[in-house]
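In: What follows is a predicted structure for the sequence shown.
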Amino acid sequence: MARAPTRTPRLNPDDFAGALAVGNKYKKGIATRDRVLAEAIDLFHAKGYTNASIRQLITKIGKSSSVIYNHFADKEDILFMIMRRTGEKTLGLLAEVKQRHPGDPEGGLRAMIRAMLHLVEHPSMVKEIAIFQNEAYHLPKRRRAIINRQYLGIVHAFEEAVAAFLRARKRKGASVTVAAFNILATINWFYLWYRPKGPLAVDAIADEITGFIFHGLA
């Protein structure tokens, strides 16, 4: 029995127009969500999460409340999204740096420290990190546990890097956990006192800080 010829489906221009409209709507939605998050980062950092309100955020954005509630359930939802994305970006940065230094424990650890210090060149990221470190107690237990796991992931990344460096140097007895927390404390303090228009460039400061850290590790 002869097979019926295969019919080429007709292309309906309306199908493409509809798909394009959906795609554009999706992109617009993502852009709006990111705008809400960016304004919320500024607001939470400036006023603190407790003192910031959805009404203030609406005023900053200059649109109706529906713009926010189309993307987030409430203020807590916005905080959680900010913190989770900050954790993901920080962990991703450290993993990327580590991959660039296979078989070089000292170079990898130095690069990790410098990458974290250079985040001051991205003011929004420094604000996000401040929120990530200071505002988790506002979240309910389940969400707080997610952020805590991310924070511990950052600590573990530095613990592993310090341990690899100490093994290469054949140094025993040093606590990698204490070293990791001290490195992060130094980095976090730097975020607080660094001023972009100050007399020292980030690279010069990074040289000084890494020098002190490795003097202590060695």
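Out: Happy to help now that I have it. In this text, all values refer to a predicted model and were calculated from it rather than measured experimentally.
In: what's the next secondary structure element after the helix or strand where Leu94 lies?
Out: Per DSSP states H and E, Leu94 falls inside helix 75-99. Where DSSP H and E defines the elements, the next helix or strand beyond helix 75-99 is helix 105-117.
In: The helix or strand just after that next one vs helix 105-117, what angle?
Out: Sequence order places helix 123-134 as the next helix or strand after helix 105-117, per DSSP H and E. Helix 123-134 runs at 100 degrees relative to helix 105-117, counting by axes from the mean of the first three to the mean of the last three CA atoms, to 10 degrees.
In: tell me which residues of helix 123-134 are tucked away?
Out: Using 16 or more other CB atoms under 10 Å as the test for burial, helix 123-134 gives Met125, Val126, Lys127, Glu128, Ile129, Ala130, Ile131, Phe132. Quick note: C-beta positions are derived from backbone N, CA and C, even for glycine.
In: Report the contact partners of the residue lying closest to the first one once chain neighbours are set aside.
Out: Once its chain neighbours are removed from consideration, Met125 has its nearest residue in Leu119; the separation is 4.8 Å (CB to CB, 6 or more residues apart in numbering). Contact partners of Leu119, counting by CB atoms under 8 Å, 6 or more residues apart in numbering, are Met125, Val126, Ile129, Tyr191.
In: Show the pLDDT at Leu119.
Out: In this model, Leu119 is scored at 95, pLDDT.
In: again with Asn24
Out: Listed pLDDT for Asn24 reads 52.
In: Going forward, the N-terminal residue is numbered 5.
Out: In the new count, where the first residue is 5, that last one comes out as Asn28.
In: can you count the residues close to the residue nearest to His122 when sequence neighbours are not counted?
Out: Closest residue to His122 apart from its sequence neighbours, by CB to CB, 6+ apart: Val206 at 5.8 Å. Neighbour count of Val206, defined by other CB atoms under 10 Å: 17.
In: At the geometric centre of the chain, which residue sits there?
Out: Centroid check for the chain by CA atoms, centre = their mean gives Thr90 as the closest residue, at 2.5 Å.
In: got a pLDDT number for that one?
Out: With respect to pLDDT, Thr90 scores 97.
In: Do I have it right that it meets Ile135?
Out: Yes: assessed by CB atoms under 8 Å, Thr90 is found in contact with Ile135 at 7.1 Å.
In: what's the domain layout of the protein?
Out: Structural domains annotated on the chain: 22-76, 78-221, as defined by automatic domain parsing.
In: starting at the chain centroid, how far to the first one?
Out: This means domain 22-76. 18 Å (CA atoms, centre = their mean, to the nearest Å).
In: coming back round to it: where among the domains of the chain is the average confidence lowest?
Out: Among the domains of the chain, domain 22-76 carries the lowest mean pLDDT (a mean of 84).
In: Of the contacts of Leu123, which is the nearest to Pro144?
Out: Of all these, Pro144 sits closest to Ile133, with 21.8 Å by CB to CB.
In: From Arg118, how far out is that closest one?
Out: Ile133 is 16 Å from Arg118, where distance means CB to CB, to the nearest Å.
In: His142 now?
Out: Taking CB to CB as the measure, His142 falls 32 Å from Arg118.
In: cool, and Phe185?
Out: 19 Å.
In: where along this structure do the helices fall?
Out: 17-51, 58-65, 69-73, 79-103, 109-121, 127-138, 145-173, 180-197, 206-221 (DSSP state H).
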